[in-house]
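> Okay, here's the prediction I keep looking at, along with the sequence it came from:
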Amino acid sequence: MAHQAEDLSPIEESDPDALLSPPTDTRPEPGLNGKPVRWYDADRTESYTRIAPFQEWHDTSVEFFYKPITLTALGFGLAALSYVAMTQDVLEEGRDKRRVGAYAAVVSFLMFSMIQFRDGPFIRPHPAFWRAILGINLLYELALVFLLFQDLNSARGMMTLLDPSLNRPLPEKSYAENCALTPQNIWDAIDIFCLAHALGWFGKAMILRDYWFCWILSIAFEFAEYSLQHQLANFAECWWDHWILDVLVCNWLGTYLGIKTCQYLEVKPYEWRGLRQTRGLRSKARRVLSQFSPHDWTAFKWEGTTSFLHYVIVVLLLAVFLAAELNPFYLKSLLWMEPDHPIVILRLAGVFLCALPAVRELYQYINNPRKTKRMGQHVWLLLATILTELLVITKWSKGQFGEPLPVYVWWAWIVGGVLVVLYPAVRVSVLRFESVGVG
C-alpha cells in the first residue's frame with residue numbers, strides 16, 4: 001500500500017521547487033486511475049456507470065418491496081398469460097379474442113416497464129409505480145404516432161373498437177346563449193364541470209407549485225378560449241362565466257387549495273423509519289398510509305425574470321401547458337366524444353400523473369445542471385406526446401373548421417407575441433444600465 005501511495009503521489013518529496021509551483025489543472029482520466037476498466041472489475045458506484053440522473057438511493061423503509069424479483073415477476077407473468085391464453089371461453093372467435101390479446105400485450109409491456117425502466121425523481125409509493133406511468137405514456141405516444149398516419153374517418157371507426165357507441169356526430173353546444181348577469185343564470189351555469197375545473201387547477205398547482213404561474217396560465221387559457229371559440233362552440237361562454245365562475249371561483253379555489261397543500265408538504269416533518277422499527281398497531285397503520293405520501297418535498301421557484309434562459313423556459317412551459325389544456329378539447333370534438341367520456345377522463349388523469357415527475361425533472365434540469373446532465377425521460381416523453389397530439393389535430397382539422405381566424409384575433413396574438421419578446425429585451429437593457437450606473 002505504501003508503494004502504491006508513492007506511485008500515486010503527484011509531488012515527490014525530493015523536489016522542493018514543486019511545492020511552490022501552482023497546482024496543475026488535472027482532469028479526471030477515463031477508467032480507473034487512467035487504465036481501461038474491464039467489465040469484471042468495474043465499480044458500479046462510479047459516476048460514469050450511473051444511468052439514473054435523480055435518485056441514487058431507494059426508500060428501503062419497507063425492505064421486502066425493494067428486493068430484485070425480476071425472475072419471479074417473469075415467472076408469475078408467464079403463468080398468468082398461459083392460464084388466460086389456455087382458457088377456452090376467451091379463445092372463441094370474435095372481438096373478445098382480439099380484445100383480450102391486445103390487453104395482454106399492454107399488460108406485458110407495462111410489466112416490462114415496471115421492472116426494467118429507469119427510476120425517476122419520485123420513489124413513493126414505489127419507483128415501479130412511476131415506471132408504469134412512464135410505460136403508459138409511451139403506449140399513448142405510440143398510439144398517437146399510429147393515428148397520425150390515419151385519416152379522420154378511419155380514426156373515428158377505430159374508436160368503435162374501444163367503445164361501440166362512438167363514431168356518431170354530436171350536437172354543438174354553446175354556453176353563450178343567455179348572458180344576462182342574474183342569479184338564476186349563474187345558478188344554471190353551475191354543473192359538474194365546475195368541480196372538474198377546481199380539481200383540475202388543484203392538480204396544476206401540485207404540478208407547478210407556483211401561485212403566480214397558475215394565475216398566468218389561468219388567464220392565458222381564458223384568452224385562448226376567446227381566440228378559438230369560432231372553431232369550438234363550447235368555448236363560447238358569457239363574460240361572467242369566463243372571469244367570475246372560471247377564473248375567480250373554480251380556478252382560484254383549486255389553485256389556492258393546491259398551493260396550500262404544497263406549503264403544508266414543504267414544512268411537514270418527514271419520518272423515514274421502516275415498518276419494523278414502528279411500534280404499535282396505530283403507528284404501523286400510519287406508516288403504511290404514509291407510503292402513499294411524498295417521501296420529501298421540493299418547493300419550486302421558477303424565477304422567470306432572473307435570467308433570459310429562465311424567462312424562455314418559463315414561456316415555453318406556459319405554451320406547452322396551454323397546448324396540453326387545449327388538445328383534449330380538439331381531440332374529443334374531432335373524434336365525436338362527450339366531455340365526460342371515460343377515454344377523455346383517462347387522458348386527463350394520465351397527463352396529470354405523467355406531468356408530476358416530468359415537471360420535477362424539468363425543474364431539476366434547469367436549476368441543477370451540474371448534477372443533471374440530460375433531460376429526464378418523463379419530461380422528454382411527455383413533451384413528445386403533447387407535440388404529437390398537436391400534429392394529429394393539425395392533420396385532422398383540415399376541412400373541419402371552415403370559419404377562418406378573425407382578424408382581431410390575429411392582431412391580439414401578434415401584440416401578445418411582441419410583448420413576450422419585448423419584455424426580456426427591455427429588462428436586460430435596464431439591468432445593464434443599472435450595472436453601468438453602479439460601476
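Arrived safely.
> List the contacts of L81.
Counting by Cβ atoms under 8 Å, 6 or more residues apart in numbering, L81 makes contact with 104, 108. For glycine as for every other residue, the C-beta is placed from the backbone atoms N, C-alpha and C.
> mind checking how far it is from V100?
Taking Cβ to Cβ, to the nearest Å as the measure, L81 and V100 are separated by 11 Å.
> With P127 instead?
Distance from P127 to V100, counting by Cβ to Cβ: 29 Å.
> elements contacting the helix or strand containing S218?
With secondary structure defined by DSSP states H and E, S218 is part of helix 211-228. With contacts defined as 3 or more Cβ pairs under 8 Å, 6 or more residues apart in numbering; DSSP states H and E, helix 211-228 has these neighbours: helix 192-208, helix 252-267, helix 308-334, helix 407-438.
> Quick check: what element follows that helix along the chain?
Taking DSSP H and E, what comes next after helix 211-228 is helix 239-240.
> contacts for that following helix?
179, 181, 186.
> What residues sit buried inside the helix or strand hosting the last one?
Under DSSP H and E, the secondary-structure element containing I186 is helix 183-189. The neighbour-count criterion (16 or more other Cβ atoms under 10 Å) identifies 186, 189 as the buried residues of helix 183-189.
> From the chain's centroid, how far away is that helix?
Centre-to-centre, helix 183-189 and its host chain are 36 Å apart (Cα atoms, centre = their mean, to the nearest Å).
> Can I get it as CSV, trimmed to CA atoms?
Below are the C-alpha coordinates for helix 183-189, written out as CSV (Å, rounded to 0.1, in the frame of the first residue of the first chain):
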residue,chain,number,x,y,z
PRO,A,183,-78.5,34.9,-10.0
GLN,A,184,-80.7,32.4,-11.9
ASN,A,185,-78.3,32.3,-14.9
ILE,A,186,-75.3,31.9,-12.7
TRP,A,187,-77.0,29.1,-10.8
ASP,A,188,-78.0,27.4,-14.1
ALA,A,189,-74.3,27.5,-15.2
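> For that helix, which outside residues touch it?
Applying Cβ under 8 Å, 6+ apart, the external contacts of helix 183-189 come out as 175, 178-179, 238, 240-241, 244-245.
> Show me what the mean pLDDT comes to for that helix.
Rounded to a whole number, the mean pLDDT of helix 183-189 is 87.
> Stretch 228-236 now?
Model confidence over stretch 228-236, given as mean pLDDT, is 88.
> Quick one: end-to-end distance for that stretch.
9 Å (Cα to Cα, to the nearest Å).
> Repeat that for stretch 369-383.
Span of stretch 369-383 from end to end, Cα to Cα: 19 Å.
> Counting by contacts, list what the helix or strand where K395 lies packs against.
Per DSSP H and E, K395 falls inside helix 377-396. Taking 3+ Cβ pairs under 8 Å, 6+ apart as contact, the helices and strands that helix 377-396 lies on are helix 127-148, helix 308-334, helix 342-367.
> For that helix, list every residue counted as buried.
Buried-residue list, helix 377-396, by 16+ other Cβ under 10 Å: 377-379, 381-383, 385-386, 388-390, 392-393, 395-396.
> Show residues contacting it.
Counting contacts by Cβ under 8 Å, 6+ apart, the residues outside helix 377-396 that touch it are 117-118, 120-121, 130, 133-134, 137-138, 140-141, 144-145, 147-148, 151-152, 155, 320, 323-324, 327, 330-331, 334, 351, 354-355, 357-362, 365.
> do the same with stretch 322-331
Stretch 322-331 is contacted by residues 217, 220-221, 224, 228, 232, 234-235, 337, 344, 347-348, 351, 355, 386-387, 389-390, 392-393, 397 when judged by Cβ under 8 Å, 6+ apart.
> go with 6 Å
Contacting residues not belonging to stretch 322-331 are listed as 220-221, 224, 232, 347, 386, 389-390, 393 [Cβ atoms under 6 Å, 6 or more residues apart in numbering].
> Nearest to W411 among these?
Comparing the contacts of stretch 322-331 against W411 with Cβ to Cβ places A224 closest, at 15.6 Å.
> For the closest one, give me its contacts.
For A224, the contacting residues are L322, taking Cβ under 6 Å, 6+ apart as the criterion.
> State the distance from it to V409.
Distance, A224 to V409, using Cβ to Cβ: 10 Å.
> Just checking, which of the buried residues of helix 377-396 comes out lowest on pLDDT?
Checked by pLDDT, the buried residues of helix 377-396 have Q377 as the lowest-scoring entry (92).
> how far away is A132 from G101?
With distances defined as Cβ to Cβ, the gap from A132 to G101 amounts to 20 Å.
> For these two, indicate the residue with more neighbours.
Residue environment comparison for A132 versus G101 gives the larger neighbour count to A132, 19 against 14, counting by other Cβ atoms under 10 Å.
> Which residue comes closest to that one once chain neighbours are left out?
Leaving out its chain neighbours, the residue that sits closest to A132 by Cβ to Cβ, 6 or more residues apart in numbering is M114, at 4.9 Å.
> Next, count neighbours for A102.
For A102, the neighbour count with other Cβ under 10 Å is 12.
> Report the inter-axis angle for the helix or strand where it lies versus helix 127-148.
When secondary structure is defined using DSSP H and E, the element that contains A102 is helix 95-116. Here helix 95-116 points in a direction 130 degrees away from that of helix 127-148 (axes from the mean of the first three to the mean of the last three Cα atoms, to 10 degrees).
> Give the buried residues for helix 95-116.
100, 104, 109-111, 113-115.
> show me where pLDDT drops low in the chain?
Applying pLDDT under 70 to the predicted model, the residue ranges of the chain that meet it are 1-67, 88-95, 270-277, 428, 431-439.
> how does it look with 80?
Within the chain, the ranges that satisfy pLDDT under 80 run 1-69, 87-98, 172-177, 268-292, 303-308, 369-373, 402, 424-439.
> Can you give me the separation between the residue nearest to the spatial centre of it and A233?
By Cα atoms, centre = their mean, the chain has its centre lying nearest to A355, at 1.6 Å. When Cβ to Cβ is applied, the distance between A355 and A233 equals 28 Å.
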